[in-house]
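K.L.:
can't give you the sequence, but here's the structure:
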């Protein structure tokens with residue numbers, strides 16, 4: 001989102017889940033990257049690590065691993081009540 005609202009995660013996690021459900025991993029990863037920008041409220045450490053792992057797998061051209069990592073991040077977000 002354009003303005004520096006620090007709680008974009010409230011909108012981004014549902015967008016990530018929908019994109020992932022549609023098998024649009026590229027879009028889901030783009031949304032996941034937006035979770036980790038400087039002005040955002042920090043995620044719990046475990047959730048940050050899971051999200052970062054999915055992003056890194058995608059950047060490494062490991063699309064199937066990225067999809068699995070993204071699903072783990074989504075499940076972790078659910079566990080933290082962020083989705």
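P.N.:
Cool, the structure landed. None of the values given here were measured: they were computed from a predicted structure. Numbering: from 1, shown residues only.

K.L.:
make it CA atoms for all contacts and neighbour counts henceforth
P.N.:
Will do.

K.L.:
OK, contacts around the residue most central in space within the chain?
P.N.:
For the chain, the residue sitting closest to the mean C-alpha position, by CA atoms, centre = their mean, is residue 32 at 3.0 Å. Contact analysis of residue 32 by CA atoms under 8 Å, 6 or more residues apart in numbering lists 12-13, 16, 51, 55.

K.L.:
so where is the chain shaky, pLDDT-wise?
P.N.:
Along the chain, segments meeting pLDDT under 70 span 1-5.

K.L.:
Where do the helices of the protein begin and end?
P.N.:
Here the chain has its helices, by DSSP state H, at 9-21, 25-35, 45-59, 63-79.

K.L.:
and the gap between the residue nearest to the centre of the chain and residue 53?
P.N.:
Per CA to CA, to the nearest Å, residue 32 is found 11 Å from residue 53.

K.L.:
And residue 68, by the same measure?
P.N.:
According to CA to CA, residue 68 stands 10 Å off from residue 53.

K.L.:
who has more neighbours, the two?
P.N.:
Neighbours per residue, other CA atoms under 10 Å: of residue 68 and residue 53, the larger number sits with residue 53, 18 against 13.

K.L.:
List the buried residues for stretch 31-46?
P.N.:
Neighbour-count burial for stretch 31-46, with 16 or more other CA atoms under 10 Å as criterion, is recorded at 31-32, 34-36, 43.

K.L.:
Residue 79: which of the residues you listed is nearest?
P.N.:
residue 43 (12.5 Å; CA to CA).

K.L.:
what sits against the closest one?
P.N.:
So residue 43 contacts nothing (CA under 8 Å, 6+ apart).

K.L.:
So what's the residue count around the closest residue to residue 76 other than its chain neighbours?
P.N.:
Closest residue to residue 76 apart from its sequence neighbours, by CA to CA, 6 or more residues apart in numbering: residue 47 at 6.0 Å. If you count neighbours by other CA under 10 Å, residue 47 ends up with 21.

K.L.:
Residue 47: what's it in contact with?
P.N.:
73, 76-77.

K.L.:
Compare those and tell me which is most surrounded.
P.N.:
Using other CA under 10 Å as the neighbour criterion, residue 73 leads the contacts of residue 47 with 25 neighbours.
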